[in-house]
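Undergrad: Predicted model and sequence below, questions to follow.
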Amino acid sequence: MPAVSKGDGMRGLAVFISDIRNCKSKEAEIKRINKELANIRSKFKGDKALDGYSKKKYVCKLLFIFLLGHDIDFGHMEAVNLLSSNKYTEKQIGYLFISVLVNSNSELIRLINNGIKNDLASRNPTFMNLALHCIANVGSREMAEAFAGDIPKILVAGDTMDSVKQSAALCLLRLYRTSPDLVPMGEWTSRVVHLLNDQHLGVVTAATSLITTLAQKNPEEFKTSVSLAVSRLSRIVTSASTDLQDYTYYFVPAPWLSVKLLRLLQCYPPPEDAAVRGRLTECLETILNKAQEPPKSKKVQHSNAKNAVLFEAISLIIHHDSEPNLLVRACNQLGQFLQHRETNLRYLALESMCTLASSEFSHEAVKTHIETVIGALKTERDVSVRQRAVDLLYAMCDRSNAQQIVAEMLNYLETADYSIREEIVLKVAILAEKYAVDYTWYVDTILNLIRIAGDYVSEEVWYRVIQIVINREDVQGYAAKTVFEALQAPACHENLVKVGGYILGEFGNLIAGDRRSSPLIQFNLLHSKFHLCSVPTRALLLSTYIKFVNLFPEIKTTIQDVLRSDSQLRNADVELQQRAVEYLRLSCIASTDILATVLEEMPPFPERESSILAKLKKKKGPGMVSEIEETKKERNVEMNGSTEPATNASTVSTPSPSTDLLGIESTAVFNSVPLNSTGGSLLVDVFSENSAPVATLASAAEENFSSSSDLTSPDNNIDDPATAVHVSHDDDDDVDELSDTFVCKNNGVLFENQLLQIGLKSEFRQNLGRMYVFYGNKTSTQFLSFSSNVICQDGLKSQLNIQTKPVDPTVEGGAQVQQILNIECVSDFTEAPVLNIQFRYGGTLQNVSVKLPVTLNKFFQPTEMTSQDFFQRWKQLSNPQQEVQKIFKAKHPMDTEVTKAKIIGFGVALLDGVDPNPSNFVGAGVIHTKTIQVGCLLRLEPNTQAQMYRLTLRTSRDTVSQRLCGLLSEQF
């Protein structure tokens, strides 16, 4: 780079900076800057023959002012003019100004590109470097479009100087990262690989960075780089520190290049060529050997550089996972770091050993360090290192050491940092299930887990206990006895009450023969916890009580007295009140046989994957956990000989706190349909179509609709009739499907993910509606800054008035809050409003947007008509614009009763005996808006042989006809 002469010192700039520094206040600084800006502006405007030095000086001052935080709106053209200068310092300042201040959308971009092209074509290495640096610094898509084709040519040209090659490689890397689609792959790719053999190590380092990034996306194009990288790595590793003096860092030869080469090799499997593979093995063995040598310097820079190469080499060994000797050596080397005084090394060693534990070759070697890892768990001061120790214990666990590891993790749990308790709980639950020698130990472990860290035991954990106990007869009696004893403690966590209530409700009869656990004692024990529990747990206990009526008829009167008490029948919570009323009535009117059928023992849950691991993966990210679990799946077999089912993530939903886990909710009472094990969620009971008495014809239709073949769902194979549609707010198709399912019903679950569940109950009369939106927190952590608002597009604002009542900004874990929306239909509309929810969970802002199911048919009032009136009105609506007809194929089985239910649910009155063809359906209703009432007649003609429908709608407004036809046709 050319030296800067004394004349380039720019004394004026130095004086200006000094003046700014000497300003005593912000006002003085602004005054001085404004004065300078006025001076520069006058110079640029007045002096047309301004020399290069002055331009450079003034452009520098503008750049300094910009860096102080002030806007600059002139001087850009003068900076561009500096690019054409032949002086390095002037050109440098021009490029610097452009890199910092010029927007990619600027009108000057074409002039700038011309200046850059001139410098690239000049073959002056200094000017070429400045141009390449500017392209990389700006890095915009426009730059990539202009120069992505030229830079590879400069990179592989034979006469390009080494410093320019370095800049070209890094510039191309920058453009590829910002606009990969604009960097063309061509013959240059095979030539750029050979830069790994370049004499200049700076060129090799830059080229390795470029090739590594390109190889990740196009591995086949750069496959030949493997042998060249191994060759270059071998030369570096075997060289003495004096051989590469310019690139030796504290006695470590070319550490940065070594790390980059090792990373490049991790893009590919082990080399197939035996010679290349042998040479690579020699390199890795040499790196491991050097790690054992005494340090050549006591300075930290030496050990940092040496260890950087070592850890990257170990990462490559783990990636290849093919050399048992190297894997064991790497494990032993990491084992030495576990007791190193440097915290960072201990952390990295634990992290690398987690991955090593997943290899069949090194798993046993990792297990030899179990005592050291347990010691780190107990004594380590840094919480992040303790967390890595927990990860490593989880990764090295198998049948031989499971009880020891689980015991140590339980002991540590009592004093563990709050930030990692939930994760430890999940891991203990997974390990206890996976490696249980017998399931009595598993039950003991989970109950101990609830006792120690009940607040951190998520729903998935205690659901899983119940599933396993129900599915294994050999452990049911022991589980009932154990939870009975655990509940006798004066202070029990609510999760223990849930597990105890469920298990005793199902299997309390197995321990009722002992006087110490007689039916009355069991009931009194559970009821003593009742007043201390939250509403979902009380609901579960009420279900347990009705189960007891079936199991223990001798305490039926006692239970009825409890259900009959004012605290239950007049409970402020509608869920508890409804259960008490229904259960009391059921116990009074049902015969013994009916009770035995309705309240029979829960059937075994279908064998499926555990949802606990899914939760752990979401917490940790899919990377490490999935690798460990995949290996464990291969290495371990469940007790019964089948592959462990709990090794993969599961998206199967599991029951939530307020779900009737005993299968006794009102759906079962009315329909005798046992609640499926996968069914249920925070709002299922509240929004079950059968949970309220039938009040109107429309609600009766909804009941038929939900209890039939569930044709409203996109999937006809949903097991549970109460299962809600789950919709992702990222997926517009799913949102549309969701809207379709709500066209003919008003209640249900609108949205659900791992954190939040949104349920709806709505009612409409004429042009007014009220919607109750329930937000359920599915986690054990508070939602903070919770807010929701309804967004209407510009046109919709004049068609719908929606008033929202504010919602509580804090939603407790496991709690549910309600928001009321008042809706007024002003005129007919097509679009749906959007409900936008924002809240903070764990410090992260969450945003959910979902369409509200407010459709035009919600404002129907059904109209009864005689046959004569119907056809008279039908003829009056004979204008072609007033009729819409659609012929479409049936998407679902053509069931007469279901079709009737859907038409009634759509809002019109179903008119019997009007159409001469009895298989046709005829309906009538009036759409009420604030400005107008629109009468509607419809006729649906099914053709069962062709599996087709013809739908005809006539209304007094064509837009209404089209919208209603579109909505209703999607239902069949």
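TA: Here it is on my side, so go on.

Undergrad: make it CA atoms for all contacts and neighbour counts henceforth
TA: Will do.

Undergrad: Wait, Gln846 touches Ser787, no?
TA: No - checked against Cα atoms under 8 Å, the pair Gln846 and Ser787 is beyond contact range at 10.7 Å.

Undergrad: Find the residues that touch each one of those two.
TA: 838-839 (Cα atoms under 8 Å, 6 or more residues apart in numbering).

Undergrad: Give me the more crowded residue out of these two.
TA: The residue with more neighbours, out of Gln846 and Ser787, is Ser787; 17 against 14, by other Cα atoms under 10 Å.

Undergrad: Can you say which helix or strand has that one in it?
TA: Here Ser787 is covered by strand 784-791, with elements defined by DSSP states H and E.

Undergrad: What lies in contact with the helix or strand following that strand?
TA: Per DSSP H and E, the first helix or strand lying C-terminal to strand 784-791 is helix 794-797. The contact list for helix 794-797 (Cα under 8 Å, 6+ apart) reads 829, 831-833.

Undergrad: Which strands or helices does the helix or strand hosting Phe751 pack on?
TA: Here Phe751, judged by DSSP H and E, is contained in strand 747-752. Judged by 3 or more Cα pairs under 8 Å, 6 or more residues apart in numbering; DSSP states H and E, strand 747-752 is in contact with helix 684-687, strand 756-765.

Undergrad: Make a markdown table out of those and add mean neighbour count, distance to Lys858 and mean pLDDT.
TA: Compiled in a markdown table, the helices and strands packed on strand 747-752 are given as follows (neighbours: other Cα atoms under 10 Å; distance: least, Cα to Cα, whole Å; pLDDT from 0 to 100):
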| stretch | mean neighbour count | distance to Lys858 | mean pLDDT |
| --- | --- | --- | --- |
| helix 684-687 | 22 | 18 | 29 |
| strand 756-765 | 18 | 6 | 87 |
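
Undergrad: Need those in TSV (columns: distance to Leu316).
TA: Shown next, in TSV, are the helices and strands packed on strand 747-752 (distance: least, Cα to Cα, whole Å):
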stretch	distance to Leu316
helix 684-687	50
strand 756-765	41
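
Undergrad: closest to Ile470 out of the ones you listed?
TA: helix 684-687 (22.2 Å; Cα to Cα).

Undergrad: What residues does the residue nearest to Tyr439 when sequence neighbours are not counted make contact with?
TA: Spatially, and ignoring its direct neighbours in sequence, Tyr439 is nearest to Val475 (6.4 Å; Cα to Cα, 6 or more residues apart in numbering). Shown in contact with Val475 (Cα under 8 Å, 6+ apart): 439-440, 469.

Undergrad: okay, now Ala168: neighbour count?
TA: 30.

Undergrad: how close does it sit to Asn113?
TA: Noted for Ala168: a distance of 16 Å to Asn113, by Cα to Cα, to the nearest Å.

Undergrad: swap in Cys171?
TA: 15 Å.

Undergrad: Tell me which of the two has more neighbours.
TA: Using other Cα under 10 Å, the more surrounded residue of Cys171 and Asn113 is Cys171, with 27 against 18.

Undergrad: Now the more buried one: closest residue in space that isn't a chain neighbour?
TA: Cys171 sits nearest to Ala136 (Cα to Cα, 6+ apart), 4.8 Å away.

Undergrad: Arg177 is in contact with that neighbour, correct?
TA: No - look at Ala136 against Arg177 with Cα under 8 Å: they stay out of range, at 10.6 Å.

Undergrad: out of the two, which sits in the more crowded spot?
TA: Between Ala136 and Arg177, Ala136 has the larger neighbour count (other Cα under 10 Å), namely 20 against 14.

Undergrad: The helix or strand hosting the more buried one: what's the following helix or strand?
TA: Element membership of Ala136, judged by DSSP H and E, is helix 125-138. The element immediately downstream of helix 125-138 (helix or strand, assigned by DSSP H and E) is helix 141-147.

Undergrad: List the buried residues for that next one?
TA: Residues of helix 141-147 classed as buried by neighbour count (16 or more other Cα atoms under 10 Å): 141-144, 146-147.

Undergrad: I'd like to know which elements the helix or strand in which Val428 is found is packed against.
TA: Secondary structure assigned from DSSP H and E places Val428 in helix 418-434. Counting contacts by 3+ Cα pairs under 8 Å, 6+ apart, helix 418-434 is packed against helix 383-396, helix 402-413, helix 439-453, helix 611-620.

Undergrad: deepest of those, which one?
TA: Comparing these by mean neighbour count (mean count of other Cα atoms under 10 Å), helix 383-396 ranks first with a mean of 23.

Undergrad: Check the offset of that one from the chain's centre.
TA: 23 Å (Cα atoms, centre = their mean, to the nearest Å).

Undergrad: quick one, it and helix 418-434 angle?
TA: Between helix 383-396 and helix 418-434, the angle comes out at 10 degrees (axes from the mean of the first three to the mean of the last three Cα atoms, to 10 degrees).

Undergrad: per-residue confidence for the most far-flung residue of the chain relative to its centre?
TA: What lies farthest from the middle of the chain is Ala49; by Cα atoms, centre = their mean that is 61.2 Å. We have a pLDDT of 73 for Ala49.

Undergrad: before we move on, what about Ser691?
TA: Model confidence at Ser691, given as pLDDT, is 34.

Undergrad: For Gly115, grab phi and psi.
TA: In terms of degrees, to the nearest 10, the main-chain angles of Gly115 are phi -60, psi -40.

Undergrad: ok, now which ones touch it?
TA: Taking Cα under 8 Å, 6+ apart, we find Gly115 in contact with 80, 83-84.

Undergrad: Count the neighbours of Gln199 for me.
TA: 10.

Undergrad: Assign it to helix, strand or coil.
TA: At Gln199 the chain is in coil, as set by DSSP: H, G, I helix; E, B strand; the rest coil.

Undergrad: re the thing from before, and the helices and strands packed on strand 747-752: which comes nearest Ala407?
TA: In terms of Cα to Cα, the element of those nearest to Ala407 is strand 756-765, at 33.7 Å.

Undergrad: ok, and for the very next helix or strand once past the closest one, which residues are buried?
TA: Going down the chain from strand 756-765, the next helix or strand is strand 768-777, by DSSP H and E. Under the neighbour-count criterion of 16+ other Cα under 10 Å, strand 768-777 has 768-777 buried.

Undergrad: Reformat these as JSON lines; add pLDDT and distance to Leu182.
TA: Output for the buried residues of strand 768-777, formatted as JSON lines (pLDDT from 0 to 100; distance: Cα to Cα, whole Å):
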{"residue": "Leu768", "pLDDT": "88", "distance to Leu182": "55"}
{"residue": "Gly769", "pLDDT": "89", "distance to Leu182": "53"}
{"residue": "Arg770", "pLDDT": "88", "distance to Leu182": "53"}
{"residue": "Met771", "pLDDT": "88", "distance to Leu182": "50"}
{"residue": "Tyr772", "pLDDT": "88", "distance to Leu182": "51"}
{"residue": "Val773", "pLDDT": "90", "distance to Leu182": "48"}
{"residue": "Phe774", "pLDDT": "89", "distance to Leu182": "48"}
{"residue": "Tyr775", "pLDDT": "89", "distance to Leu182": "46"}
{"residue": "Gly776", "pLDDT": "89", "distance to Leu182": "46"}
{"residue": "Asn777", "pLDDT": "88", "distance to Leu182": "45"}
